[in-house]
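In: I'll drop the sequence and a predicted model, then ask my questions.
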Amino acid sequence: MTILVAGATGTVGRQVVRQLLAGGHRVRALTRNPEQAGLPAEVELARGDLSNPASVEPALEGVTGLHMITVAGHGTVDTGHELVALAARAGVQRVSVLGGWEETSVEQALSASDLGWTWLRPVEFMANATEWAEEIRTEGLVRVFGNAPSAAVHEADIAAVAVAALTQDGHAGQSYLLTGPEALTAAERIALLSAATGHEIKVVQQTEEELRAGMAAAGMDSDYIDFAVELGANPPDIGKHPVPTVGEVVGRPALTFAQWATENADLFRPDKGSQ
C-alpha cells in the first residue's frame, strides 16, 4: 500500500517517512517544494499544498493511508472538509492527524466521515530545545523565563505512534495524548545538554521585563509576547505530567531527553553547530 505523508519535511514528518520506509512501506511525500525536500531516494515526491486541495488530489491516487497536519505555514489548515472528501473518494482507509489543542477543519471533517482517523496530541516537542542552540554555541548559556517541568516528547515517538495508526488495526477513533517518560525543568534539560556536549552551559533566569524587552527588540508583536509570558509563567498543567501512551501504542519505553540530547549534541557544540 502507499502512504501519503503531508508535512513530510517537518520535524515529525521526516521521522514518519523514515520509520515507514524502515517498515517496508511505500511512501509518497507531499511537499510544496520537492526540489528542496532532502528526503531518501526511495520516497516518491508529490508537489502539493494543503491550502489548495486541487493540488493534493493527484497525490492521493492509490493511497490507503494518510498522515495529515493541521498547521501549514503560519496558520491552521482551513480546507479540511475538501481534503477529507478527496481522501475518501481516493479510497484512503487510515488517517493519522498531528494537531494542536484547538480543533480545526481537519478534525471536524474527519469526525463527520467514515475514515479511520487517529488524533496525535503531543505536548511540548523535545526538538523545541533547538531554540537554545545559537545562544549555547555563541555564549555558552541559555536565558529562560520560568522553570516549570515539561513532559516533552521525542519527535521520533510522535512519529512511531503515527506509523502504528497508519499500519495497524485498533487505533481508529482514538485521541492520543503524547508525552515523554519524565517531566523536566528547562534547567534540568540544559544540564543534560551540557553532559551530552561536554561543554558547560549556564542557565540565566530572565525576569518578565527582560523577556518582553528582548522579544520586542526582535520585532515580535505584543500578542505573541503576551502569549510567551503567559506560557512561561503559567504553562498548561497537562504538559507537566507524563502519560504512558507511547509505550502502550508502540510497545517500547518512550525515549528520554537524555537520548535526544545525545542524538543532537552537535547542534549545540561551538565547533559543530555552525558547520
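Out: Thanks, I have the structure now.
In: so where's the stretch 101-250 of the chain shaky on pLDDT?
Out: Applying pLDDT under 70 to the stretch 101-250 of the chain picks out no residues at all.
In: And the strands in it?
Out: For the stretch 101-250 of the chain, the strands defined by DSSP state E, counting those that start in this stretch cover 116-122, 141-144, 174-178, 202-205.
In: which stretch among those comes nearest residue 226?
Out: strand 141-144 (18.0 Å; Cβ to Cβ). The C-beta positions use only the backbone N, C-alpha and C, and glycine is treated the same way.
In: Can you give the distance of that closest one from its chain's centre?
Out: Relative to its chain's centre, strand 141-144 lies at 23 Å (Cα atoms, centre = their mean, to the nearest Å).
In: shift numbering so it begins at 160
Out: From this message on, residue numbering opens at 160, which makes the last subject strand 300-303.
In: For it, buried residues please.
Out: Within strand 300-303, the residues that qualify as buried are 301, 303, counting by 16 or more other Cβ atoms under 10 Å.
In: residues in contact with it?
Out: Under the contact criterion Cβ atoms under 8 Å, 6 or more residues apart in numbering, strand 300-303 has outside partners 291, 294-295, 345-346, 349, 360-365, 369, 373, 391.
In: Among those, which one lies nearest to residue 334?
Out: residue 391 (27.1 Å).
In: what about that closest one, neighbour count?
Out: Per other Cβ atoms under 10 Å, the neighbour tally for residue 391 reads 17.
In: for residue 198, same thing?
Out: 20.
In: Then it would be within a strand, right?
Out: No - assignment of residue 198 by DSSP: H, G, I helix; E, B strand; the rest coil gives coil, placing it outside any strand.
In: Surely it touches residue 172?
Out: No - between residue 198 and residue 172 there is no contact, the gap being 9.3 Å when judged by Cβ atoms under 8 Å.
In: tell me, what's touching these two both at once?
Out: Shared contacts of residue 198 and residue 172, defined by Cβ under 8 Å, 6+ apart, comprise residue 188.
In: now what about the helix or strand where residue 187 lies, what contacts it?
Out: In the assignment (DSSP states H and E), residue 187 maps to strand 185-190. The contact list for strand 185-190, computed with Cβ under 8 Å, 6+ apart, reads 160-168, 172, 176, 179-180, 196, 198, 201-207, 209, 215, 218, 222.
In: What average pLDDT does stretch 210-223 get?
Out: If you average the pLDDT over stretch 210-223, you get 96.
In: quick revisit: deepest of the strands of the stretch 260-409 of the chain, which one?
Out: With neighbours taken as mean count of other Cβ atoms under 10 Å, the strands of the stretch 260-409 of the chain reach their highest mean count in strand 275-281, at a mean of 23.
In: quick check: angle from that strand to strand 333-337?
Out: Following axes from the mean of the first three to the mean of the last three Cα atoms, to 10 degrees, one obtains 20 degrees for the angle between strand 275-281 and strand 333-337.
In: and strand 275-281, which strands flank it?
Out: Using DSSP bridges, the strands paired with strand 275-281 are strand 253-257 (parallel), strand 333-337 (parallel).
In: Now do stretch 371-381: distance to the chain's middle.
Out: Relative to its chain's centre, stretch 371-381 lies at 25 Å (Cα atoms, centre = their mean).
In: Endpoints of it, how far apart?
Out: Using Cα to Cα, to the nearest Å, the gap from the first to the last residue of stretch 371-381 comes to 9 Å.
In: The residue lying closest to residue 318 once chain neighbours are set aside: neighbouring residues, count only.
Out: With sequence-adjacent residues excluded and distances taken as Cβ to Cβ, 6 or more residues apart in numbering, residue 318 is closest to residue 174, at 3.4 Å. Residues near residue 174, counting by other Cβ under 10 Å, number 20.
In: Residue 174 sits in which helix or strand?
Out: Taking DSSP H and E as the criterion, residue 174 maps to helix 170-181.
In: And that helix, what does it pack against?
Out: Helices and strands touching helix 170-181, as assessed by 3 or more Cβ pairs under 8 Å, 6 or more residues apart in numbering; DSSP states H and E, comprise strand 161-165, strand 185-190, strand 222-228, helix 314-326.
In: Just the CA trace of the last one, in PDB.
Out: Think helix 314-326. The C-alpha trace of helix 314-326 is given here as PDB (Å, rounded to 0.1, in the frame of the first residue of the first chain):
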ATOM      1  CA  GLU A 314       9.600  13.600  17.700                       C
ATOM      2  CA  ALA A 315      10.500  10.000  16.900                       C
ATOM      3  CA  ASP A 316       8.000   8.800  19.400                       C
ATOM      4  CA  ILE A 317       5.200  11.000  17.900                       C
ATOM      5  CA  ALA A 318       6.100   9.500  14.500                       C
ATOM      6  CA  ALA A 319       6.100   6.000  15.900                       C
ATOM      7  CA  VAL A 320       2.500   6.400  17.100                       C
ATOM      8  CA  ALA A 321       1.600   7.900  13.700                       C
ATOM      9  CA  VAL A 322       3.100   4.900  12.000                       C
ATOM     10  CA  ALA A 323       1.200   2.500  14.200                       C
ATOM     11  CA  ALA A 324      -2.000   4.200  13.500                       C
ATOM     12  CA  LEU A 325      -1.300   4.100   9.700                       C
ATOM     13  CA  THR A 326      -0.300   0.500   9.500                       C
END
